Structures are given as structure tokens and as C-alpha cells.
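Chemist: heads up, no residue letters with this:
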């Protein structure tokens, strides 16, 4: 039964290696060919961002104040606002609540390299560090690095000023961003939300973080499930994804079209002892019993490729038996916005009423009409989330 | 007091708090120092300050952590204040807090100590570039660094240690983060999702690079000669803020739940307001519109009129811009009362605890109401005619206050205002 306080998606802004927008993604998923850059960082592979006409959503002047992470996010936010028919509508934007899932921005890698090279030879290494940070850091770069400044840029560039919150914490931050937005809509703590995030995979400190965890996939491309036989691993992907999510009554009143409904979002954590993540996921799945028909349902998995979590999730999904698609096979793993991007894929699929073809030899075709998509979001390290996306 | 508020929502109370700042550990020590007008600001000894324009801060050097880094000390401070808050609230069982965790946390990033360690491991000679770090990372075991510099690890570790329920949320709205974390907790209780929530704001990010970054934005005071006199909110000769460290934790609870278990009520979070500013990355909209909206939203949420507010715990950073803009906002919201309503800045003594400030200052506001004593704004020597506030100059002042406001305004235009009420 439709309810006034249902959370519906009325706009999607999605950019990745597969292109820009839902149509480009839908087409690419039906004719899937991996987009990989294996030259920018020798020995490493990643999914690079497609070429963007940034001027469409960010003025040149503002682009100069940002690095790629903020540009991706600010651009995707603009695309979502445009798709929802909110862009430029000052009245709506002034009441719009924003929740951004964010990591941090790029560093000045040349300045870092100069310090790393010179400091060991300096007579006074501490003084050398201070002197070079003082002379080499660009004042504005700090503002391109701060986690909350992606949201700050979106307020500045697009005028989203109802409120602004930033959540941090890899995959779980994206899941909690959308969970809190939907909970607030359900409880009448807001009507109109912009939720999303972005990730730039094309930076050495990002690769470094996951290389320190020994978590990267460095072999030729293989899908999320297929690569597990060879030990698994993460292929990072540049991505930006924002959703406009609003109460059904608000969408109806302004004549906006709902693409899909987010019926529920749950998230939890555990120490990842044997089968603890599975136990969390089973609880989340049990709560959805009776809310969808298995024959018209599929799973969009947020599996990262990291071996432990991915194999445990795969075992559970095999047992459940619904058709599965791993979004990260298509556009790489993007940490903070990953769950939101997979919700976007789910929304596209339910709005088309069909699931896109398998991306990996472990995935089975689905011919039946699709009504419900279960979106999993197991962090590569921590956090387990599950969303139920269905027709509006 | 009724269990529900003017909008029929559960009333949210505070039943436990914990504090650590540069003034000391524990809320009793902090309150005594704060109301005595003591400053926690000192010359930095944590690292050499050679060549720096600002050489002072409110660092916390009395709490040791192995392998010092911003997330490591932030996590340790959070543990200490949570222990204090949970003990006061006498809630749950050890390692089993019966609600979710909302954490205000500074952004996390690998620091120079680790970066230089990897550079050394790489064995590169003449020049070291990131490819060398990647090579070093791929050979040794650096899982410890990896976990430490995940954005999620502080929240995860705290959630595991204290047994909070569900996914911990780590939030950053710059200098408003502590207020945002409290607001997230209040909203969860009002939605009926939980009867209680653990909120903590923590920040221990004073290191050479972060100090220099703020310095390059010309945000910091350079009155290095007498550090304890450098933070001078509302004074005409204020010249910037002082970076500081600290943490504050609050146990939030629905009044009905607190009453049912016979808990002592420390105070009430009556309202939360927020508004974002789309004007500039570091400066407030010159008309003060977002600050005004933020205070008005909080008052509306609390169901109170400006006349009912007896005290304002200012954001009061001691930068020329902030204090002027805050006055603009206060005068618009409070009209003729603006210059007579007491408005003091804890930051004159503890400096700007950044991510933690909203939580720490909300706790000081609760203590202000509870003890009937307004903490002063110290170093108020030269009144600024453009900011004619009653800042409770230099000496604490007894006053019975029923409702107070605590303001937090952040870089990136993120503003939060809390309305705090006294326990009956």
C-alpha cells in the first residue's frame, strides 16, 4: 500500500568508468566490457572515471577550487538534482537536507615526494618538514581535502542549504547515509534529501591505503566472484553517485516521477568472526520475509572483491538462490558511495522491470520480470547493510 | 516534566557526561578550572615548532598512547570520556551499551610519521615518490597502518569496546561536528528507534601539517608570547583561534526511559537546529542568514521563544570574522536583548577543540545550568564596539538559567545550534 511517508527516488546522478547517467550505465551493463587503466600506476589496475563535461554542472572558477574527488561528487550531485527537477529551484534547495558519505581529498603528491626525498638528508629533519609544509602546501588544498567540504562544495555550487551532514567510514558511511535519510523521511523529520558520495580511485594514496591492507587485485581483469579462486582482491573504481530521495507525498505534490521506492535499509556491524557477518545478514533478510516474491526478485551485491568478506557473502547468496549481480564487477569498488551506487543500479533495474545480464561466470541470467532488488553492502573490512528497493 | 514535548515527541535528556580537555581529565576538574578562568593553552612541545607562525595549542599531552596519531589519540580520549559518561549514567552493563553510537571525528589520513617510515623502508635513494611507498607497502606487513587510517576504525573500535548497538556513525561537519552527533542521537530517540544513544565528539589532531594548514588559511592566532592570553573572543584585538584537543561524551536517553530506571537527569536537549551556508568555503554569509536560521530552527524545534533563553554558549572562536558574524546572528534573533543576554566563550580557555567542540561545549552548557554559574570569557581586555556583547568578562557569574543555546559554526558552511534545558 502506498504511504505518504514512503521514501522514493526521484533523481539519480551516476558517473563511473561506464559513463554518465542512468541510460549510459544501463546500456553498458547490457554490453559489458570492463574499463581498466593499468598504466597510470605501474603494477596496479583500476577503473578510471569516464571523461566528463564538468562545465555542465560546475563553473570553471569553482572547478579550480576542487580536486577530482570533490569534482566527481559535485558533478554527480548536480546531475541528480537535474534529473529530479530540483536543480536551480531555490525554494526546494533551501529546504533540502544533504547527507554525504565521504573519505578525504587528494594530497599534493609532488610536494609529498619532495619532502620524502629531502628530509632524510636534511641536517634538521623536523625543521625541514615545517619549512617545506609552510612553503609547499597550497592554502586552498586543505579545503579540497577536508571530508565535509564535498558537502560544502555542493552547498556552494548547487545551493543545497537546508542542512548538511557528512558521514565517514568507508562502505558503512554510504549505507548509513541512505538509512538515516530514509528513517527521517519515514518519521517526518524531513521531506527532501540529497544523499550520495564520490570516490577517486586514480590517486596513489588511495592505492597505498589498500596495498597496506594487502587487499588489491593486481591480475588481469576478472569479475568479483571469478577472481576469488585466485585469492580475490579489490579493483578500486572512480565513481560519483547521488540520489534525490523524498517522501511520496512531497514528490507527488510537486509532480515528480518516482523511479523506485526504498522500502527498507538496515545496517549493522560485527568483528567479522567466523560467520558473524552472515548472522547479521540473515537477521536483515529475515526482517524482509513476506515483503517480496522470490520469483521476481534479485540481489545487487556490494561485494568488494576482498577475499574473506566476498567468499562469505557468496556462500550466503548461493544458499538464498536469487539471481545476483555484483556492481563492483562493472564499475569497480568505490568504498563510501558503493552502496548508494548499487541502490542506483537496483532502482534502474526495477524501473525497467528487468535485471541486466550476468557480469561474471558465477552470475545466472534472469528472464522473469523484476519487481524487487535486495542490495547488500558488506564492507571489505566492517559493516553489513541491506536495502530493499522496489517499484514505486 | 512530561515525557513528550510540544510536538508529541519523546523528550530527550542527558543522564551522563564525560570530558577531557587541555584543562584536565574529568568533568569536575574541567568545571573547576573553567569557572576559575584558567587557560589550557600552552606552547607546543609535542613536535618542534621551528619556523611556524603559531607555536601554541591546547594539546593533550597527559594521556599516553602507543604510536601517536590523530585517530589513535582521538580514540583514546573518546574511550576515557565514554567511560566517565556511562559510569555517571549507570546504564547497561560493561561492554554492553543499550543503544547506537554517534561519533564526531576529525578526518583521518596517514600522517608524516608513517609516510616517512614507508619511505625509509622503500630503500629509495635520491628521490622518493609514491610508487616507492606502494612498493614498500606491498612487501612488508602494514596491516596496522591500514586499519589505523581507515575512516571507520575509530568508530568500529569504540562500538566493539562499549558494545553499542548497530552501525556506528562517524560524522564530520567541521567545527559543528559535535553538535551534529548530538542531533543524530536526539533524532534517533525521537523516531522511537532507540531509548538511548551514546554521543561522543573527539579531536586530537594537532600535528605539524594540520597546524600549518590552518595557519596558511590565516585562521590561527599568532599571539605566541603569552599563550594563555592568546584566545580572546569578542575582544577588539582578537586575531584568530587556537587549535586544541579534547573529547566530550553524553548519554542521551528518552525521559520516560530515564525516569523508569530511576536515573539522575543532568539536563535536557530541548531542540536542535541546523542550516548550511552556500556563500563561501571558509566565510559566513555576510548577512548572517544561515546563522540566524540555525538559531531560529533550534528555538522552533524546542518550542521556545528567544525571550526564554537566559544564556548563550558562543561558538566564539576568537577569529575577527566569526565573533562579528555570531553577534550579527544573535542581534537578529534576540533583538534588543542581544547585548544584555550573557554570551560567553569556553574557547577563551580551552581553545577551539574543532570536531569535539560541539559536544564539549554542550556539556559545559549543561554544567552551567546545573551549577547556576556562567563560565567567563577570559582575556577580555579590550571591548570591541562592533561586538557589544555581555561576554561574562573574565570572572564567572552566578545566574539561574532555565534554557540556554550552544552554537557551533563550521568551515564549509555547516552550522548547528542546540537548545539545552535545565533538569527540573
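Modeler: Great, that's in hand. Here the structure is a predicted model, which is why all the values come from computation and not from measurement.

Chemist: From chain B, how far out is the residue of chain A positioned farthest from its centre?
Modeler: Distance from the C-alpha centroid of chain A peaks at residue A:123, with 45.6 Å (CA atoms, centre = their mean). From residue A:123 across to chain B, the span is 12 Å (CB to the nearest CB, to the nearest Å). To be clear about C-beta, it is placed using only N, CA and C from the backbone, and glycine gets the same treatment.

Chemist: Quick one: residues contacting residue 332.
Modeler: Since no chain was named, I'll use chain A. Residues near residue A:332 by CB atoms under 8 Å, 6 or more residues apart in numbering or on different chains: A:16-17, A:46-47, A:201, A:235-239.

Chemist: Wait, chain B was what I had in mind.
Modeler: B:288, B:292.

Chemist: Check what pLDDT it gets.
Modeler: pLDDT recorded at residue B:332 is 97.

Chemist: Over to residue A:352?
Modeler: The predicted local confidence for residue A:352 is 98.

Chemist: wait, which of the contacts of residue A:332 is closest to residue B:87?
Modeler: residue A:236 (42.8 Å; CB to CB).

Chemist: for the residue lying closest to the closest one once chain neighbours are set aside, helix, strand, or coil?
Modeler: Spatial nearest neighbour of residue A:236, excluding adjacent residues (CB to CB, 6 or more residues apart in numbering or on different chains): residue A:201 at 3.7 Å. Following DSSP: H, G, I helix; E, B strand; the rest coil, the label given to residue A:201 is coil.

Chemist: Which residue does chain A have closest to chain B?
Modeler: residue A:152 (2.9 Å; CB to the nearest CB).

Chemist: Look up how far residue A:74 lies from that residue.
Modeler: Residue A:152 is 10 Å from residue A:74, where distance means CB to CB, to the nearest Å.

Chemist: So those two - more neighbours on which side?
Modeler: Taking neighbours as other CB atoms under 10 Å in any protein chain shown, residue A:152 and residue A:74 compare with residue A:152 leading, 30 against 27.

Chemist: What helix or strand is the closest residue to that one other than its chain neighbours located in?
Modeler: Closest residue in space to residue A:152, ignoring its immediate chain neighbours: residue B:412 at 2.9 Å, by CB to CB, 6+ apart. Counting by DSSP states H and E, no helix or strand carries residue B:412.

Chemist: for residue A:284, same thing?
Modeler: helix A:276-286.

Chemist: That helix: which residues count as buried?
Modeler: A:277-278, A:280-281, A:284-285 (16 or more other CB atoms under 10 Å in any protein chain shown).

Chemist: Can you add distance to residue B:352 and give those back as CSV?
Modeler: Putting the buried residues of helix A:276-286 into CSV (distance: CB to CB, whole Å) gives the following:
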residue, distance to residue B:352
A:277, 40
A:278, 45
A:280, 39
A:281, 42
A:284, 41
A:285, 46
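
Chemist: Provide a list of residues in contact with the closest residue to chain A within chain B.
Modeler: Relative to chain A, the nearest point of chain B is residue B:412 (2.9 Å; CB to the nearest CB). Contact analysis of residue B:412 by CB under 8 Å, 6+ apart lists A:143, A:146, A:148-149, A:151-152, A:155, A:164, B:173-174, B:281.

Chemist: just checking, which of these belong to helices?
Modeler: A:143, A:149, A:151-152, A:155 (DSSP state H).

Chemist: How is chain B divided into domains?
Modeler: B:12-109+B:149-422, B:112-148 (automatic domain parsing).

Chemist: and among these, the most buried is which?
Modeler: Highest mean neighbour count among the domains of chain B (mean count of other CB atoms under 10 Å in any protein chain shown): domain B:12-109+B:149-422, with a mean of 23.
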